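*Asks:* Fold the following, please.
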Amino acid sequence: MKQFEEKTFTIPELKGISAKNIEEHLKLYSGYVKNANSILAKLPEYRGYTEADPFAPYVVGELSRRFSFEFDGMRNHEYYFKHFEGGSQMLAEGGALKKAIEEEFGSFDTWLANFKTLAMTRGVGWAMLVYDKASMRLLNNWNDEQHLGHLTGTSPVLALDMWEHSFVADYLPSGKKQYVEDFFTNVNWQNVEENFANATR
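*Replies:* Now for the predicted structure:
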């Protein structure tokens, strides 16, 4: 069976987010990849029991639900870590992403303020900027945990991990807001612009 491949990331020294935290965070990402692969490998085995074992369909259903959690955990983290590669770089003035943000939200500063407010949502999850190709517009989106609340048909452009594991070791629970600020200090917007270009193709 075809397997998902674990990606590697070259992440420079970051403001506020320690190398140790990134190291531990990458281990979590690795677990999502392994778990997604394990579920896909196990599902055919249980499907073979569906007629003989009345409980087998429930197992298949629960494994399938769990797969969405593991798969989205894998993919969301790939966007997140990619944001840091190459070091901090500003969003290009006059670029396609900047123009799209201004068209949808009025100004980049307005979007950023709205997104930071979204990121402070209580509970664990992801603050996402996504592109909906059907309506050709950008949307801010909160994903509970990492697989609940996903907007069907949209493509991630920017993904900010707001699970406590992403910031508590460096910031403590009270430093959540500073973590969000430092995330944007560390972002390489060229990588975000690449996501936008891919989404709009």
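*Asks:* Geometric centre of the protein: which residue is closest?
*Replies:* Centroid check for the chain by Cα atoms, centre = their mean gives Asn76 as the closest residue, at 2.5 Å.
*Asks:* so where's this structure shaky on pLDDT?
*Replies:* Applying pLDDT under 70 to the chain flags residues 47-52.
*Asks:* ok, Trp163 - contacts?
*Replies:* Applying Cβ atoms under 8 Å, 6 or more residues apart in numbering, we find Trp163 in contact with Val124, Gly125, Trp126, Gln146. For every residue, glycine as well, the C-beta is placed using N, CA and C.
*Asks:* Looking at the residues you listed, which is nearest Lys15?
*Replies:* The nearest member of these to Lys15, counting by Cβ to Cβ, is Trp126 at 20.9 Å.
*Asks:* Now do the helices in the protein.
*Replies:* 19-47, 56-82, 96-105, 108-119, 168-171, 176-186, 189-200 (DSSP state H).
*Asks:* so can I have a markdown table of those showing distance to Glu5?
*Replies:* A markdown table is the format used below for the helices of the chain (distance: least, Cβ to Cβ, whole Å):
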| stretch | distance to Glu5 |
| --- | --- |
| helix 19-47 | 8 |
| helix 56-82 | 10 |
| helix 96-105 | 28 |
| helix 108-119 | 29 |
| helix 168-171 | 27 |
| helix 176-186 | 25 |
| helix 189-200 | 18 |
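*Asks:* how distant is stretch 146-157 from the center of its chain?
*Replies:* Computed by Cα atoms, centre = their mean, to the nearest Å, the chain-centroid distance of stretch 146-157 equals 9 Å.
*Asks:* List the buried residues of that stretch.
*Replies:* Judged by neighbour count using 16 or more other Cβ atoms under 10 Å, the buried positions of stretch 146-157 are Gln146, His147, His150, Thr154, Ser155, Pro156, Val157.
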